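Colleague: I would like the atomic coordinates for the input below:
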Amino acid sequence: MGVERYVIEAVVREGRSHREVARSAGVSKAWVTKLVARYRAGGEPALEPRSRRPGSCPHAIAADIQSEILELRQQLDSAGYDSGAHTIAHHLRLHHPDVPSVATIWRILKRQGLITPQPHKRPRCSFVRFEAALPNEMWQSDFTHWQLGDGSAVEILNYLDDHSRLLLACNAFTTVKGADVVESFHLAGATHGYPAALLTDNGAVYSGKSRGGKVLLETELERLGIVFKHSTPYHPQTCGKVERFHQTLKHFLAKQTPPATLAVLQLQLDTFRAYYNHHRPHRALDGRTPLTAFHARLKARPDGADPAGHYRVRHDRVDKQGRVTIRYLSRLRHIGLGRAYAGVPVRLLVANKHVRVIREDGSLLRELVLDPGRDYQPQQPAQIGHYDVRQTGTMT
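Modeller: Numbering: from 1, shown residues only. Below you'll find the predicted structure:
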């Protein structure tokens with residue numbers, strides 16, 4: 001029997017005095033009097049413990065702000081974007097001069113049952129954290145797997161700036177090949193400038209070391225004077241930024257309608273990339289967006305590359321005469337490959353006057369330096385090489 005019921009039994013049913021019961025129960029006489037009054041007014045339910053919460057709180061968060069917090073949570077989560085307290089606080093600051101703290105927003109979400117308890121994680125202070133000091137000082141790249149609406153497997157290739165977390169490229173392929181990696185790299189470099197270094201894992205499209213050669217990307221980086229770094233095998237933490245980014249990307253894609261085609265998936269990726277770079281606050285950047293952080297400092301650049309160089313990737317098909325055409329110094333230049341390749345789709349990797357013509361699978365058809373004095377670049381002997389492209393491109 002609880003002390004409350006003991007007091008009621010002794011006073012109400014046995015007729016003992018308040019003072020005597022208080023002394024025997026070890027409580028104050030005033031508390032006994034108050035408890036008896038509650039019992040006579042409300043019966044046994046009145047004996048249950050009452051909340052000590054005050055009836056009003058002058059500094060409580062306004063109801064409309066709380067409603068907006070919950071609405072933002074629902075909107076962001078439904079769209080597949082980050083919907084944590086830090087992100088909600090960022091969006092609130094766009095419309096309100098005075099917003100609740102991140103901790104207060106977290107408590108509001110928790111009261112509504114919207115916070116999922118997380119297991120205890122390794123303390124942040126125990127990690128050896130690295131971040132490039134400048135934009136374009138180092139990029140990270142990796143690809144991840146996804147599925148179309150019919151269940152067919154596809155791969156998504158990503159390039160991420162290590163300093164600003166800017167999503168430089170996010171492209172979908174049926175299977176990522178060596179030529180795709182190089183083309184995405186050049187398109188990102190043409191838009192944002194080339195990096196001083198690139199960090200990847202040891203996947204077949206990134207490294208030919210296990211096969212005793214070099215893949216197409218390695219030869220391109222050597223030519224551009226870009227340092228190529230590979231992570232320790234079976235240690236994804238080295239490329240932790242792009243690995244963690246895959247979780248954010250997949251959380252978004254899981255909220256979207258399953259794409260029927262690769263083109264539809266690419267539209268979804270383009271939508272996410274625009275939001276991620278321009279609007280999503282990043283905790284590692286003190287709440288700034290990646291694009292803001294990318295343009296906040298001067299950019300690093302390759303030590304061995306001409307900063308004024310012109311790099312591009314061009315898609316073409318060999319014509320009936322065995323030629324492909326590019327424009328250089330405002331004039332069309334015809335590059336001879338041989339009639340045996342008529343109709344073959346190719347890609348031209350152009351770096352100023354230096355041109356390499358490769359097939360879609362990465363095999364090298366011709367490499368040359370354009371002669372500005374000639375419109376036709378005749379085929380030279382011993383120009384044909386090959387890249388071993390079991391998904392990649394190793395020069396043999």
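Colleague: the strands in the stretch 251-396 of the chain, which residues?
Modeller: Along the stretch 251-396 of the chain, counting by DSSP state E, counting those that start in this stretch, strands occupy 311-317, 323-328, 331-336, 345-351, 354-359, 364-369, 376-377, 387-388, 394-395.
Colleague: what's the answer for the stretch 51-200 of the chain, then?
Modeller: 139-147, 153-161, 167-173, 197-200.
Colleague: out of those strands, flag the one nearest residue 94.
Modeller: Judged by C-beta to C-beta, the one of the strands of the stretch 51-200 of the chain that comes nearest to residue 94 is strand 167-173, at 21.4 Å. From N, CA and C alone the C-beta is placed, and that goes for glycine too.
Colleague: quick one: contacts of the closest one?
Modeller: Counting by C-beta atoms under 8 Å, 6 or more residues apart in numbering, the neighbours of strand 167-173 from elsewhere in the structure are 139, 146, 154-161, 180, 184-185, 187-188, 191-192, 245, 249, 262, 265-266, 269-270, 272-273, 276-277, 290.
Colleague: ok, of those residues, which come out buried?
Modeller: Those of the contacts of strand 167-173 that meet the buried threshold are 139, 146, 154-161, 180, 184-185, 187-188, 192, 245, 249, 265-266, 269, 272-273, 276-277, 290, by 16 or more other C-beta atoms under 10 Å.
Colleague: residue 30: what's it in contact with?
Modeller: In this structure, residue 30 makes contact with no residue, judged by C-beta under 8 Å, 6+ apart.
Colleague: on the three-state scheme, it is what?
Modeller: At residue 30 the chain is in helix, as set by DSSP: H, G, I helix; E, B strand; the rest coil.
Colleague: picking that back up, could I get the strands of the stretch 251-396 of the chain as JSON lines with distance to residue 302, mean neighbour count and mean pLDDT?
Modeller: As requested, the strands of the stretch 251-396 of the chain are arranged in JSON lines below (distance: least, C-beta to C-beta, whole Å; neighbours: other C-beta atoms under 10 Å; pLDDT from 0 to 100):
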{"stretch": "strand 311-317", "distance to residue 302": "11", "mean neighbour count": "15", "mean pLDDT": "85"}
{"stretch": "strand 323-328", "distance to residue 302": "23", "mean neighbour count": "17", "mean pLDDT": "89"}
{"stretch": "strand 331-336", "distance to residue 302": "26", "mean neighbour count": "16", "mean pLDDT": "90"}
{"stretch": "strand 345-351", "distance to residue 302": "12", "mean neighbour count": "19", "mean pLDDT": "89"}
{"stretch": "strand 354-359", "distance to residue 302": "15", "mean neighbour count": "21", "mean pLDDT": "89"}
{"stretch": "strand 364-369", "distance to residue 302": "20", "mean neighbour count": "18", "mean pLDDT": "90"}
{"stretch": "strand 376-377", "distance to residue 302": "27", "mean neighbour count": "16", "mean pLDDT": "92"}
{"stretch": "strand 387-388", "distance to residue 302": "23", "mean neighbour count": "22", "mean pLDDT": "44"}
{"stretch": "strand 394-395", "distance to residue 302": "21", "mean neighbour count": "20", "mean pLDDT": "44"}
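Colleague: now residue 221: how far from residue 182?
Modeller: In this structure, residue 221 and residue 182 are separated by 9 Å, where distance is defined by C-beta to C-beta, to the nearest Å.
Colleague: more neighbours, the two?
Modeller: Between residue 221 and residue 182, residue 182 has the larger neighbour count (other C-beta atoms under 10 Å), namely 25 against 22.
Colleague: who's residue 376 bridged to?
Modeller: For residue 376, the beta-bridge assignment (DSSP bridges) gives partners residue 334.
Colleague: now it: how far from residue 325?
Modeller: Distance of residue 376 to residue 325, given as C-beta to C-beta: 10 Å.
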